[in-house]
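Q: pasting a predicted model and its sequence here:
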Amino acid sequence: MIKIDNLQKNYKDFSLDVSLEIPAGTVTGLIGKNGAGKSTTIKAILGLIKPDGGTLEVLGKDPKDFTSKDKEQLGVALSDSGFSMMLNLEDIVKILKSMYRSFDEKFFREQCKEQGLPFDKTLKDFSTGMKAKLRVLVAISHAAKLLILDEPTSGLDVLARNDILDMLRDYLAQDSERSILISSHISSDLEGLCDNVYMIHKGKIILREDTDAILGQYGILKVSEDEYAKLDKQYLKATKKESFGYSCLTNEKQFYLDNYPNIVVENGNIDDMIMILLGGK
Amino acid sequence: MKGLVLKDFLLIAKQKKLAIMYVFVAFFLSLSMDSTFILSYFSLIGSLIVLTTLSYDAYDNGYPFLMTLPVDAKTYVYAKYVFSFLGLLFFWIAGVILQFASLIFQKESFEVLDTLSMDLVFFPAFLFIIGLMLPITIKFGAEKARIVLMVIFGIVFVVGLMGKKVLETTVRDYHIDLAAIVKKLDAMPQQVVALSLAGLGILAFVISMMISIGIMKKKEF
């Protein structure tokens, strides 16, 4: 679905250089701090910015050669850009109907009702949660092959976030070939949805891992200075200094559980992984 | 393209209050003012309104999302120009109708064909203004476009002054009979002048569209 090789984009104070691959039928998460390069990567994939180097293939084509028909295969939700706030849902239905040949009006209307989105209000009167839900609904209502979602759950409460994740799960369940690229800094969302994650930092991919491996094999060791000194460090991916000693990220949790029965080993999760990888030494 | 034109239309339709106000003002103007003024007033309002849709597109950082919809740079520009053309045509026709209504109301005598051929000049003139504004606004955004336009007018003014001087010396040095040329132009039937101006306006509009496509293709969002 997406194949990126050394995509480069240089700005005055930021350089992006990423490679990533998203096969059909997978959900890939792009995580990283604000300003790490998530949105720039997504914009390049969508052809909104022109790369300075590298190759880019989305649905078998360079995004700069996308035709209107190609774009119908994409469903996009951007975090900071959407339909004009002066429009209402009826207007949006009309516009989408004339833009996408496979726009499913019935589905869209039903979902809007289900999610409590009012048809008679203009978008500027929508709450943050409503706007976010609408953005995702717009992306999933025309049988797109690939969804590209930039921070779709940012700034939402846990219930609204769950509603959005449920919508995405339903979208995936309808066709096993469908793929999603989703960027977020709320990692608990990604853990429940993604097959694998890429971690991006200062414009570079610093980790690519299956979500199952992160949750199953990764672990956080919490050790004192003494314990740290005695620790076999060959399976440690990163270490962070703490008040009690060190937090260490490992991708071989079992090894430490077996060999160091006295140290604290916590199960891996994306948040801790980010904290240690990006905050560690 | 249909979707984009529809979007612009829906956005404009949101300004019902403003439209009612314009018609209200036009109504009072038509009672008192020179009937040609009504037409220029309507054409100006029409031009301003179609140009606002560019501001709406840019408002709230709307462009990135807009360009992820199934449209490319070319289609976006085509749609904008089609919408502007139709929008101006609508307001121009409305202006012409009001103008005739005002002429009849004020019981003035007029020749339908003469008035119409006079009116026909307004359409290409405003088409030219829109054609000038669109690429500048697409390139610089509505805010900066105003400054750029002022700079352009400044340059045109200076070039015009210099041109006048050059023309004057040329006329003097080569003994060209300017009055005869003006007389000749004046003798041309008004319809021919109006139609040639309309042709020129449309040509400028098409050239402006080509420039806008070039700008849009280079743009990053």
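A: Done, it's in.
Q: ranges for the strands of the stretch 101-250 of chain A?
A: A:146-150, A:179-184, A:196-201, A:204-210, A:219-223, A:236-241, A:246-250 (DSSP state E, counting those that start in this stretch).
Q: of the ones you listed, which is nearest A:L74?
A: Smallest distance to A:L74 across the strands of the stretch 101-250 of chain A (C-beta to C-beta): 5.6 Å, for strand A:146-150. Heads up, the C-betas are built off the backbone N, CA and C, glycines and all.
Q: rewinding a little: can I get the strands of the stretch 101-250 of chain A in a markdown table including distance to B:L195, mean neighbour count and mean pLDDT?
A: Shown next, in a markdown table, are those (distance: least, C-beta to C-beta, whole Å; neighbours: other C-beta atoms under 10 Å in any protein chain shown; pLDDT from 0 to 100):
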| stretch | distance to B:L195 | mean neighbour count | mean pLDDT |
| --- | --- | --- | --- |
| strand A:146-150 | 51 | 23 | 95 |
| strand A:179-184 | 55 | 24 | 93 |
| strand A:196-201 | 61 | 22 | 92 |
| strand A:204-210 | 63 | 16 | 91 |
| strand A:219-223 | 80 | 22 | 92 |
| strand A:236-241 | 76 | 17 | 90 |
| strand A:246-250 | 77 | 24 | 92 |
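Q: out of those, nearest to chain B?
A: When the strands of the stretch 101-250 of chain A are compared by C-beta to the nearest C-beta, strand A:146-150 sits nearest chain B, at 8.0 Å.
Q: show me what the strand or helix carrying B:L18 is packed against.
A: Using DSSP states H and E, B:L18 sits in helix B:16-32. Helix B:16-32 sits against helix B:35-58, helix B:73-105, with contacts defined as 3 or more C-beta pairs under 8 Å, 6 or more residues apart in numbering or on different chains; DSSP states H and E.
Q: do you know which of the ones you listed lies nearest B:H175?
A: Closest among those, using C-beta to C-beta: helix B:35-58, at 37.6 Å.
Q: which parts of the closest one are buried?
A: For helix B:35-58, the neighbour count (16 or more other C-beta atoms under 10 Å in any protein chain shown) marks B:35-43, B:45-47, B:49-54, B:56-58 as buried.
Q: then stretch A:102-117?
A: The neighbour-count check on stretch A:102-117 (16+ other C-beta under 10 Å) flags A:103, A:108-109, A:111-112, A:115, A:117 as buried.
Q: out of those residues, who's nearest chain B?
A: A:F103 (10.1 Å).
Q: the closest one contacts A:S141, correct?
A: Yes: the pair A:F103 / A:S141 is scored as a contact, 6.0 Å apart, by C-beta atoms under 8 Å.
Q: identify the contacts common to those two.
A: Shared contacts of A:F103 and A:S141, defined by C-beta atoms under 8 Å, 6 or more residues apart in numbering or on different chains, comprise A:L96.
Q: quick check, distance from the helix holding B:L18 to the centre of its chain.
A: Relative to its parent chain, helix B:16-32 has a centroid offset of 20 Å by C-alpha atoms, centre = their mean, to the nearest Å.
Q: what does stretch B:101-117 give?
A: 23 Å.
Q: that older thread, okay, the helices and strands packed on helix B:16-32 in TSV with distance to chain A and mean pLDDT next?
A: Converted to TSV, those look like this (distance: least, C-beta to the nearest C-beta, whole Å; pLDDT from 0 to 100):
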stretch	distance to chain A	mean pLDDT
helix B:35-58	5	85
helix B:73-105	6	89
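Q: can you tell me the SS state at the residue most central in space within chain B?
A: By C-alpha atoms, centre = their mean, chain B has its centre lying nearest to B:F126, at 2.3 Å. Classification of B:F126 by DSSP: H, G, I helix; E, B strand; the rest coil places it in helix.
Q: I'd like the distance between it and B:V71.
A: From B:F126 across to B:V71, the span is 26 Å (C-beta to C-beta, to the nearest Å).
Q: that older thread, mind putting the buried residues of stretch A:102-117 into CSV with distance to chain B and pLDDT?
A: Output for those, formatted as CSV (distance: C-beta to the nearest C-beta, whole Å; pLDDT from 0 to 100):
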residue, distance to chain B, pLDDT
A:F103, 10, 95
A:F108, 15, 96
A:R109, 18, 96
A:Q111, 19, 94
A:C112, 17, 95
A:Q115, 19, 92
A:L117, 17, 94
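Q: which ones among those residues lie within helices?
A: A:108-109, A:111-112 (DSSP state H).
Q: go through the residues you listed and name the one nearest B:V82.
A: Set against B:V82, the nearest of these by C-beta to C-beta is A:F108 (26.8 Å).
Q: contact partners for that closest one?
A: A:F108 neighbours (C-beta under 8 Å, 6+ apart): A:93, A:96, A:137, A:141.
Q: if you set the cut-off to 10 Å instead, what comes out?
A: A:F108 makes contact with A:89, A:92-93, A:96-97, A:117, A:134, A:137-138, A:140-142 under the criterion C-beta atoms under 10 Å, 6 or more residues apart in numbering or on different chains.
Q: out of these, who's nearest A:V76?
A: The shortest approach to A:V76 among those belongs to A:V138, at 8.3 Å (C-beta to C-beta).
Q: the closest one: neighbour count?
A: Neighbourhood size, A:V138 [other C-beta atoms under 10 Å in any protein chain shown]: 22.
Q: likewise for B:E168?
A: B:E168 has 11 nearby residues by other C-beta under 10 Å.
Q: please apply the same query to B:D60.
A: So B:D60, with other C-beta under 10 Å, has 17 neighbours.
Q: and what of B:S109?
A: B:S109, neighbours per other C-beta under 10 Å, totals 5.
Q: three-state assignment of it?
A: Per three-state DSSP, B:S109 ends up coil.
Q: where in chain B is pLDDT low?
A: By pLDDT under 70, the low-scoring segments of chain B are B:30.
Q: same thing but at 80, please
A: Applying pLDDT under 80 to chain B picks out residues B:16, B:18-19, B:22-24, B:26-36, B:105-114, B:117, B:171-172, B:175-182, B:184-191, B:193-194.
Q: just the helices from the stretch 51-200 of chain A, written as ranges.
A: A:68-71, A:89-99, A:105-114, A:128-140, A:158-173, A:187-191 (DSSP state H, counting those that start in this stretch).
Q: now the fifth one, how far from the centre of its chain.
A: By that I understand helix A:158-173. Worked out by C-alpha atoms, centre = their mean, helix A:158-173 lies 13 Å from the chain centre.
Q: do the fourth one as well
A: Computed by C-alpha atoms, centre = their mean, the chain-centroid distance of helix A:128-140 equals 16 Å.
Q: which other helices and strands contact the helix or strand that contains B:V159?
A: Assigned by DSSP H and E, B:V159 belongs to helix B:112-174. Here helix B:112-174 touches helix B:35-58, helix B:73-105, helix B:178-187, helix B:190-218, going by 3 or more C-beta pairs under 10 Å, 6 or more residues apart in numbering or on different chains; DSSP states H and E.
Q: sorry, back to before: make a markdown table from the contacts of A:F108 and add distance to B:F28 to it.
A: What follows is the contacts of A:F108, written out as a markdown table (distance: C-beta to C-beta, whole Å):
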| residue | distance to B:F28 |
| --- | --- |
| A:L89 | 38 |
| A:I92 | 37 |
| A:V93 | 39 |
| A:L96 | 41 |
| A:K97 | 40 |
| A:L117 | 42 |
| A:L134 | 42 |
| A:L137 | 46 |
| A:V138 | 44 |
| A:I140 | 51 |
| A:S141 | 47 |
| A:H142 | 48 |
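Q: related to what we said a few turns ago, what's in contact with the helix holding B:L18?
A: Helix B:16-32 is contacted by residues B:12-13, B:15, B:33, B:35, B:37-38, B:41-42, B:45-46, B:48-49, B:52, B:91, B:94-95, B:98-103, B:105-106 when judged by C-beta under 10 Å, 6+ apart.
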